[in-house]
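**Student:** give the three-dimensional model of this entry:
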Amino acid sequence: MSNLFEAAGMDEGAPRPLADRLRPKVLEEVVGQEHLIGPKGPLGRMLAQGHLSSVIFWGPPGTGKTTIARLLADRVGLHFEPMSAIFSGVADLKKIFEAARGRRSTGKGTLLFVDEIHRFNRAQQDSFLPVMEDGTVTLVGATTENPSFELNAALLSRAQVLVLNRLDDAALEELLSRAEAFYGESLPLTEDARASLRAMADGDGRYALNLAEEVHALRAVEPMDTAALITAVQRRAPLYDKGREGHYNLVSALHKSIRGSDCDAALYWLARMLVGGEEPLYIARRLVRAAIEDIGLADPEAVHQALAAKDVFDFLGAPEGELALAQATIYLATAPKSNAAYAAFGAAKRSARDTGSVAPPAHILNAPTKLMKELGYGAGYEYDHDAPQAFSGQDYFPEEVGRQEFYQPVERGFEREIGKRLAYWRKLREEREA
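**Tutor:** Take a look at the predicted model:
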């Protein structure tokens, strides 16, 4: 199979982007991933032992997944075989596996690098299993998507998932310095514009070098400020990718900030999502979920506030309706918190699964027929409204299950009052049973 770079027209005789020209030659030149390739990192330990296991690289674009895979192959003496799941199919895999078997027969191993491995379907992913198990290939897969959702469990059980970090400010600055060393001159940017360029890169090293290449090509006489930089390159940082991992990360940040009663952080993440183009209805659904999952009966008004925000946005639209989402976010974040109802329902479902199809006690069954009355349906049932305190204290659990307590209200908000009621009814029930 031809090299990916040759296929892209990037062989030695063709013009090459700066990011390719500055591609690290050894692992020590890779920036931002010390937690993986350093002496104490998983890859560093593998290399120290002279053995490389199959791994899945999970991380955002431009963090060095392809580069690290290539350098790993060089370091351990494996043939590097790159492929992209976007452009490859079953026939390509068969050819690669056959070639790897041929190399193995001559004592040469193969590192198979599969970019965008999550694009392969389940059957294609399963085809890797036998060649991984018998050592025909060492698989290094790369994905920007969460492997837990996108890759087969069988494949994940045979490969270690390693998370690559988005490049921080220091790592991006190191790449800009390398670009300047390559050009032999500084980039024509003010300090603020340089910081803006790094922000535009948004943790993507390749993107940072592409921007640096554009800036250098402008041959500006005077250093450009931020406004001039934005005008020149006609782009800004991708704030939010609502179709991929960033979508779930930001909505998780919003939800957890609400749960943690940090209304300022919650407003920040709400704004990030709206600025990034998230569907407001999706945000409203998450606010309703937070209201019932993390506030519950500690403040029964919370779910009404969340639902009202959805209705207000439907009525006003953007941008005015966004204020309703903000108001609901503040209300939820500052409300007393309880997951007692959430936990109680989970416990009840587990009990329901464990006890199967146990019938309700006969005294609470209706008896519309003579036969059912003869069988004892409804016998002994006490109508609670006729009982003292409107509470009969009868047991409504199946006899085989016995009385259980799922709901444990917290001592916060309205649930404090609910707790008092439950305690009173518990006392009456105990007096009845005494």
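
**Student:** domain-wise, how is this structure divided?
**Tutor:** Recorded structural domains for the chain (assignment: automatic domain parsing) are 4-163, 169-233, 245-334, 360-433.

**Student:** need the ones you listed in a markdown table with distance to residue 354, can you?
**Tutor:** C-betas here are computed from N, CA, C, even on glycine. Listed next are the domains of the chain as a markdown table, based on distance: least, CB to CB, whole Å:
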| stretch | distance to residue 354 |
| --- | --- |
| domain 4-163 | 25 |
| domain 169-233 | 46 |
| domain 245-334 | 23 |
| domain 360-433 | 9 |
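
**Student:** residues in contact with the closest residue to residue 160 other than its chain neighbours?
**Tutor:** Distance criterion CB to CB, 6 or more residues apart in numbering; nearest residue to residue 160, sequence neighbours excluded, is residue 55 at 5.0 Å. Residues near residue 55 by CB atoms under 8 Å, 6 or more residues apart in numbering: 42-43, 139-141, 159-162.

**Student:** quick one: which of the residues you listed sit in helices?
**Tutor:** If you go by DSSP state H, the contacts of residue 55 have 42-43 in helices.

**Student:** looking at the contacts of residue 55, which is nearest residue 199?
**Tutor:** Closest approach between the contacts of residue 55 and residue 199, by CB to CB: residue 162, at 26.5 Å.

**Student:** so that closest one bridges to which residues?
**Tutor:** Judged by DSSP bridges, the bridge partners of residue 162 are residue 57.

**Student:** contacting residues around residue 132?
**Tutor:** Per CB under 8 Å, 6+ apart, neighbours of residue 132: 54, 138-139, 158-159.

**Student:** now for these: which two are most distant?
**Tutor:** Farthest pair in those, by CB to CB: 138 and 158, 10.9 Å.

**Student:** can you confirm residue 393 is in a strand?
**Tutor:** No: assessed with DSSP: H, G, I helix; E, B strand; the rest coil, residue 393 is coil; it does not lie in a strand.

**Student:** phi, psi of it?
**Tutor:** Note on residue 393: backbone dihedrals following degrees, to the nearest 10 are phi 80, psi 10.

**Student:** also residue 279?
**Tutor:** Torsion angles at residue 279 (phi, psi; degrees, to the nearest 10) stand at phi -70, psi 120.

**Student:** my guess is residue 251 contacts residue 273. True?
**Tutor:** Yes: Residue 251 is within contact range of residue 273, at 6.9 Å (criterion: CB atoms under 8 Å).

**Student:** what is in contact with residue 138 and residue 158 at once?
**Tutor:** Common neighbours of residue 138 and residue 158 (CB under 8 Å, 6+ apart) are 54, 132.

**Student:** how about residue 163, what does it touch?
**Tutor:** Per CB under 8 Å, 6+ apart, neighbours of residue 163: 58-59.

**Student:** hang on, the earlier thing: who's more crowded, residue 138 and residue 158?
**Tutor:** Each of residue 138 and residue 158 has its neighbours counted (other CB atoms under 10 Å); residue 138 has more, 24 against 15.

**Student:** phi, psi of the residue nearest to residue 93 when sequence neighbours are not counted?
**Tutor:** Nearest residue to residue 93 in three dimensions, chain neighbours excluded: residue 127, at 5.7 Å (CB to CB, 6+ apart). Residue 127 adopts backbone torsions of phi -70, psi -20, taken as degrees, to the nearest 10.

**Student:** which of residue 251 and residue 273 has more neighbours?
**Tutor:** The residue with more neighbours, out of residue 251 and residue 273, is residue 273; 25 against 20, by other CB under 10 Å.

**Student:** I figured residue 225 hits residue 194, correct?
**Tutor:** No: when contacts are counted by CB under 8 Å, residue 225 is not listed as touching residue 194 (10.3 Å).

**Student:** out of these two, which sits in the busier spot?
**Tutor:** The neighbour comparison of residue 225 against residue 194 (other CB under 10 Å) goes to residue 194, with 21 against 15.
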